[in-house]
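In: What follows is a protein structure lacking sequence information:
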């Protein structure tokens, strides 16, 4: 199959392209640096010519409320319209576990708007909702840092490796449309404060993790289970400790 991966040169997109290629698919990355702009529409029709499936793992360059909403609404509308014109048979989008529980954040409001556009369009679709990626752990810690203290709530946390995300997205793209959502997460569930104590210690990071019930997560105060998948989720195989060893060996 020809599968076009929007955002296919980024962290997850490049992994999706590689995994699809390994399984014999014609995986085509579509991104501004390959001449495809989903906001202006430049290069989109050409990229989708002959495509069977489109995978959208793109992300907004800005998390400012209006900018992120404009990005996801405009990009998604343009992609869906181009897919319909090209005769694409399956639209796959990567989203976030707990999106509807995190709507104090403009980013998650925009992700929910993206999902609703897909659900209300005539295209067969699959939405893959993932938990946070191991690759984002340093950024999450930085966002929660106050001086030499990292303030983290004692909520549940179930992050996963980017490779496992890509594998789940690739399998979904190669399969039949779900016309619904599937959740994916890591193999281990933690309390978030405990996880970050371990994660910072593993990196010899001197910051102190302080358990703070009022700590915010990117402007949101999540409920205890908001960031973890429900029953029936697909779980990745890579444990965080193994991922750390592997990434250290590759650096």
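Out: It's in. All values reported here derive from a predicted model rather than from experimental measurement.

In: ok, which stretches of this protein are helices?
Out: 11-22, 44-48, 65-86, 106-120, 137-143, 162-174, 192-202, 240-250 (DSSP state H).

In: Format those as JSON lines; extra columns: mean neighbour count, mean pLDDT and distance to residue 211.
Out: C-beta: built from backbone N, CA, C; applies to glycine. Compiled in JSON lines, these are given as follows (neighbours: other CB atoms under 10 Å; pLDDT from 0 to 100; distance: least, CB to CB, whole Å):
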{"stretch": "helix 11-22", "mean neighbour count": "20", "mean pLDDT": "97", "distance to residue 211": "30"}
{"stretch": "helix 44-48", "mean neighbour count": "20", "mean pLDDT": "97", "distance to residue 211": "47"}
{"stretch": "helix 65-86", "mean neighbour count": "18", "mean pLDDT": "98", "distance to residue 211": "29"}
{"stretch": "helix 106-120", "mean neighbour count": "18", "mean pLDDT": "97", "distance to residue 211": "24"}
{"stretch": "helix 137-143", "mean neighbour count": "15", "mean pLDDT": "95", "distance to residue 211": "14"}
{"stretch": "helix 162-174", "mean neighbour count": "23", "mean pLDDT": "98", "distance to residue 211": "28"}
{"stretch": "helix 192-202", "mean neighbour count": "18", "mean pLDDT": "96", "distance to residue 211": "4"}
{"stretch": "helix 240-250", "mean neighbour count": "13", "mean pLDDT": "89", "distance to residue 211": "19"}
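
In: Same list (those helices) but as CSV, adding distance to residue 232.
Out: Output for the helices of the chain, formatted as CSV (distance: least, CB to CB, whole Å):
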stretch, distance to residue 232
helix 11-22, 22
helix 44-48, 32
helix 65-86, 26
helix 106-120, 18
helix 137-143, 26
helix 162-174, 13
helix 192-202, 22
helix 240-250, 23
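
In: Give me the contact list for stretch 63-73.
Out: For stretch 63-73, the external contacting residues (CB atoms under 8 Å, 6 or more residues apart in numbering) are 39, 60-62, 106-107, 109-111, 113-114, 117, 218.

In: Turn those into JSON lines, including distance to residue 174.
Out: Listed next are the contacts of stretch 63-73 as JSON lines, based on distance: CB to CB, whole Å:
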{"residue": "39", "distance to residue 174": "28"}
{"residue": "60", "distance to residue 174": "27"}
{"residue": "61", "distance to residue 174": "29"}
{"residue": "62", "distance to residue 174": "32"}
{"residue": "106", "distance to residue 174": "33"}
{"residue": "107", "distance to residue 174": "29"}
{"residue": "109", "distance to residue 174": "31"}
{"residue": "110", "distance to residue 174": "28"}
{"residue": "111", "distance to residue 174": "24"}
{"residue": "113", "distance to residue 174": "27"}
{"residue": "114", "distance to residue 174": "22"}
{"residue": "117", "distance to residue 174": "23"}
{"residue": "218", "distance to residue 174": "32"}
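
In: looking at it, residue 181 is touching residue 119, isn't it?
Out: No. Using CB atoms under 8 Å, residue 181 is not in contact with residue 119; the gap is 9.0 Å.

In: Need the residues touching each of these two.
Out: residue 127.

In: Of all the helices of the chain, which one is nearest residue 30?
Out: Of all those, helix 44-48 sits nearest to residue 30, with 4.6 Å by CB to CB.

In: Tell me who's in contact with residue 214.
Out: Counted by CB under 8 Å, 6+ apart, residue 214 has contacts 153, 221.

In: Surely residue 47 is in contact with residue 30?
Out: Yes. Assessed by CB under 8 Å, residue 47 is found in contact with residue 30 at 4.6 Å.

In: Brilliant, that's me finished.
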